[in-house]
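1. Build me a model:
(one chain, ligands or ions: 1)
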Amino acid sequence: MLHVAIIGSGFMGKQHALAYQALPEATKLVAIINPNPKNAQPLADELGCGYFPTLKEAQQEIKIDLVDVCVPTYLHEQYVLEAAQAGCHVLCEKPVTLTLESFDRMVKACEDNGVRFMVAQVARWWPEFIDIKKRLDAGELGRIHMIYEKRLCQLPPWATWHRDPQKSGGGLYDLNIHDIDFLVSVYGRPRSVYATGHKAREGAWMYVVTNLAWKDGVKATVETCIDMPGPWPFSIEFRGAGDKGTLHYNLQAGVNIKDGEQNSNYTWYPAGAEEPKALGVEQSDMFKAEIAAFVDAVANNKEQPVPLAESRLVLEVVLATLQSLEGGGVVTL
Ligand SMILES: NC(=O)c1ccc[n+]([C@@H]2O[C@H](COP(=O)([O-])OP(=O)(O)OC[C@H]3O[C@@H](n4cnc5c(N)ncnc54)[C@H](O)[C@@H]3O)[C@@H](O)[C@H]2O)c1
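-> Numbering: from 1, shown residues only. A predicted model of the protein is given here:
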């Protein structure tokens, strides 16, 4: 049984807290940590766990095995380092951090202290994306002609720090990273990246279109915006066209992913066929699945589902995209 403390009590802190509580055999949520009690005590009361202003104060009173970092991105490194030095395994929300130097310091701190460290890339547990990856891995589309991924939403109304390039990195880091992580998990290191987009007045790239190419000829376009003007619905799309057909997933949620009804369709269009085939995928809670997989890796000393080498590569691709956006043209990786 792993005793878990969550640092940060906003949108993601609550999602993760509920996921740990849905795994009562394997984990016990013991603390919510946040220097500001107004932002955290109500959640701790609701969940029936302790509230502490700091990890140090929590550890003076209770045992903590795993720390889950759910604070704004610019605070990730400080808490990952503190948790590692305190001897706790660490799960950290995406984007893990904004630079490779910062990522390497986090990995070193965890290695030096003999604790596990994983980046929470939840889209890997999105039921349709699990199925898409299986089909791509099995070569069901044949030779790939083109992949297109889209993730467009309004700025999360609860967050005040997303426009600040130093605090969140904007849509380039915050949202684009889900699709880059997915493509890296399937195809590995891209050979080149070329991007164009819209930079907000505050300096962060909020709308980004990235073209990626891999050595074996696979090409993908990823379109991301975290600041869609108007009442735009949270929408996600995957389209893979290959010799054997086209695989298409399309989701349109409410204003935010957590709101409203979700319209989605997942369809296979076989090459040469008259009719498309609707695909059904069993739905499941992706946060619970992600956390269960990390907890299993920690508790049973197994390989973790999101390898650190892949998380570093994803950050390299995001940095190459930034270089391209800033006038670097086609960037080779
Ligand atoms: N996986 C996903 O799909 C997903 C979705 C949304 C956000 N995120 C990521 O999760 C992280 C948190 O985002 P969020 O939407 O929950 O943000 P949020 O603004 O809703 O919550 C941040 C929390 O951190 C707390 N906090 C601020 N300063 C702190 C400090 N110094 N010490 C401790 N706590 C502090 C705030 O009080 C708040 O409770 C970000 O890195 C974000 O990119 C991931």
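2. Ramachandran angles for the closest residue to the ligand within the stretch 51-200 of the chain?
-> Nearest to the ligand in the stretch 51-200 of the chain, going by C-beta to the nearest ligand atom, is residue 93, at a distance of 3.5 Å. (Glycine included, C-beta is placed from N, CA and C.) Main-chain torsions, residue 93, degrees, to the nearest 10: phi -60, psi 160.
3. ok, it - contacts?
-> 12, 69-71, 73, 76, 119-120 (C-beta atoms under 8 Å, 6 or more residues apart in numbering).
4. Tell me which of these fall in helices.
-> Applying DSSP state H to the contacts of residue 93, the entries found in helices are 12, 76.
5. Tell me which two in the contacts of residue 93 are the farthest apart.
-> Using C-beta to C-beta, these span at most 14.2 Å, a distance reached by 71 and 119.
6. what does the domain assignment say about the chain?
-> For the chain, automatic domain parsing gives the domain ranges 2-120, 125-285+315-332.
7. from those domains, which stretch is densest packed?
-> domain 2-120 (a mean of 19; mean count of other C-beta atoms under 10 Å).
8. before we move on, the earlier item: just tell me which of the domains of the chain ends up closest to residue 306.
-> Distance to residue 306, taken as C-beta to C-beta, is lowest for domain 2-120 among the domains of the chain, at 5.3 Å.
9. end to end, how far does the closest one reach?
-> 17 Å (C-alpha to C-alpha, to the nearest Å).
10. now it: mean pLDDT?
-> The average pLDDT within domain 2-120 is 98.
11. What parts of the stretch 51-200 of the chain come near the ligand?
-> With the criterion set to C-beta under 6 Å from any ligand atom, the stretch 51-200 of the chain comes near the ligand through 70-73, 75, 93-94, 120, 122, 156, 158-159, 174.
12. ok, 8 Å please
-> With C-beta under 8 Å from any ligand atom as the criterion, the stretch 51-200 of the chain comes near the ligand at residues 69-73, 75-76, 78-79, 93-95, 120-123, 156, 158-162, 168, 173-174, 178.
13. can you tell me how far the nearest residue to residue 114 once chain neighbours are set aside sits from residue 315?
-> Distances taken as C-beta to C-beta, 6 or more residues apart in numbering put residue 87 closest to residue 114, at 7.9 Å, once the chain neighbours are dropped. To residue 315, residue 87 is 26 Å away according to C-beta to C-beta, to the nearest Å.
14. what's the answer for residue 248, then?
-> Residue 248 sits 29 Å away from residue 315, going by C-beta to C-beta.
15. same check, this time on residue 287
-> Computed as C-beta to C-beta, the residue 287 to residue 315 distance reads 22 Å.
16. For residue 28, which non-adjacent residue is spatially closest?
-> residue 3 (5.4 Å).
17. Please apply the same query to residue 29.
-> Spatial nearest neighbour of residue 29, chain neighbours left out: residue 20 (4.5 Å); criterion: C-beta to C-beta, 6+ apart.
18. To which secondary structure element is the one you found assigned?
-> helix 11-21 (DSSP states H and E).
19. cool, residue 195 as well?
-> Element membership for residue 195 (DSSP H and E) is strand 192-199.
20. Alright, that wraps it up for me.
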